[in-house]
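Visitor: sequence and predicted model, in that order:
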Amino acid sequence: MIVILEGPDGGGKTTLAEQLRHMLQERTMVHSIKHGPYKGVDSEQLCKIYFRSMSQALTYDDTVILDRSWLSEPIYGEVYRNGANRVDTPRRRMLERVALSRGAVVVHCQPDIEVCVKTFKSRVDDEYLDNTEQLEAVYHGYETLSQRTCLPVIPYDYERDTLEGLLPKLMDRSTQNPAAGGGCFKKDNILMLCDRGPRTNVRASAAVVPFINLLDNDGPSRMLAETLEREGIPESSVYWANTQTYQGTPVDVQFIKQLQPSKIFALGNNAYTWALNNNVQAYKLPPPLHHMQNYPNQPYHIMESDYGNAD
């Protein structure tokens, strides 16, 4: 599981991170990582930092607690970078896809503004923000946090709520991923069948998330993320799975029976062939890279596709 703690300065995130670590480590390996403020770090490097902070969850299915994440970028960007957001929409979607692969849940730590201001003033020399006016701007930015992400969000006020009450909510809102793919493994979600997995050896416990390239400003991963955004499909409605290993070994089809997807798309010939061989009805889409190379001026379509019907 991945637990993301977000909220304004003085909201109790760091204290909660330590409390959760102590409570959760009784049942699982727990890694707690504090993010920010990363002054002067560019978009690509920043996204690599956020991605790598989730690697223990992806590789070993450990629990990872993130004290802040990419979700804070647009909020603090309004205060420090004249509105500039270092994590644009395609990269946000890819990071959310990775997080959903291990059942990410956001805990929104936001007590009353007076509480945050009091805490801020008590440690102002150690804070990223310069004054209470900036804190108030950040505070109001966090009021719309649940509208900025497709990840499940649990509100938490350390003055009113308890750690014992928070834990069952985390377990209830976290989605388990019993297969080797990535994204949100939830009944009736859309299934995206992809081609081959990574070239490197992958542990059996790992979640492999297709079409994640945080360094590419003009590639297939970005194009797919932009298409899903344009067509109004959140990452919480999609599960992604490779149909074969890099060595060409087909993956087991059994996970589809458990997922029971509402619609299945095959991204290219190999994925479509795998679907046919396993009696899986899928809509065939053009290989994303082939589309970009041969039809650079035409938009890619998924739900709005007109590439043919399922067999």
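Guide: Yep, that arrived. Numbers count the residues shown, from 1 in each chain.
Visitor: okay, CA-based contacts and neighbour counts for the rest of this
Guide: Will do.
Visitor: CA atoms of the helix or strand hosting Val117 as PDB?
Guide: Assigned by DSSP states H and E, Val117 falls within helix 113-122. Extracted in PDB, the C-alpha atoms of helix 113-122 (Å, rounded to 0.1, in the frame of the first residue of the first chain):
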ATOM      1  CA  ILE A 113      -6.500  27.400   9.800                       C
ATOM      2  CA  GLU A 114      -5.800  28.800  13.300                       C
ATOM      3  CA  VAL A 115      -4.200  25.500  14.300                       C
ATOM      4  CA  CYS A 116      -1.900  25.600  11.200                       C
ATOM      5  CA  VAL A 117      -1.000  29.200  11.900                       C
ATOM      6  CA  LYS A 118      -0.100  28.500  15.500                       C
ATOM      7  CA  THR A 119       2.100  25.600  14.600                       C
ATOM      8  CA  PHE A 120       3.700  27.600  11.700                       C
ATOM      9  CA  LYS A 121       4.600  30.500  14.000                       C
ATOM     10  CA  SER A 122       6.200  28.100  16.600                       C
END
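Visitor: show me what that helix is packed against.
Guide: helix 132-142 (3 or more C-alpha pairs under 8 Å, 6 or more residues apart in numbering; DSSP states H and E).
Visitor: so for stretch 30-41, mean pLDDT?
Guide: Stretch 30-41 shows a mean pLDDT of 91.
Visitor: scratch that, stretch 275-290 is what I was asking about
Guide: Stretch 275-290 comes out at a mean pLDDT of 93.
Visitor: tell me the buried residues in that stretch?
Guide: For stretch 275-290, burial by neighbour count (16 or more other C-alpha atoms under 10 Å) applies to 275, 280-288.
Visitor: how close does Ser205 sit to Gly219?
Guide: Distance, Ser205 to Gly219, by C-alpha to C-alpha, to the nearest Å: 28 Å.
Visitor: could you pull out the helices for the stretch 101-250 of the chain?
Guide: Secondary structure of the stretch 101-250 of the chain by DSSP state H, counting those that start in this stretch: the helices cover 113-122, 132-142, 163-173, 220-230.
Visitor: need the three-state assignment for the residue most central in space within the chain.
Guide: The residue lying closest to the centre of the chain (C-alpha atoms, centre = their mean) is Glu96, at 1.4 Å. Secondary structure, DSSP: H, G, I helix; E, B strand; the rest coil: Glu96 is helix.
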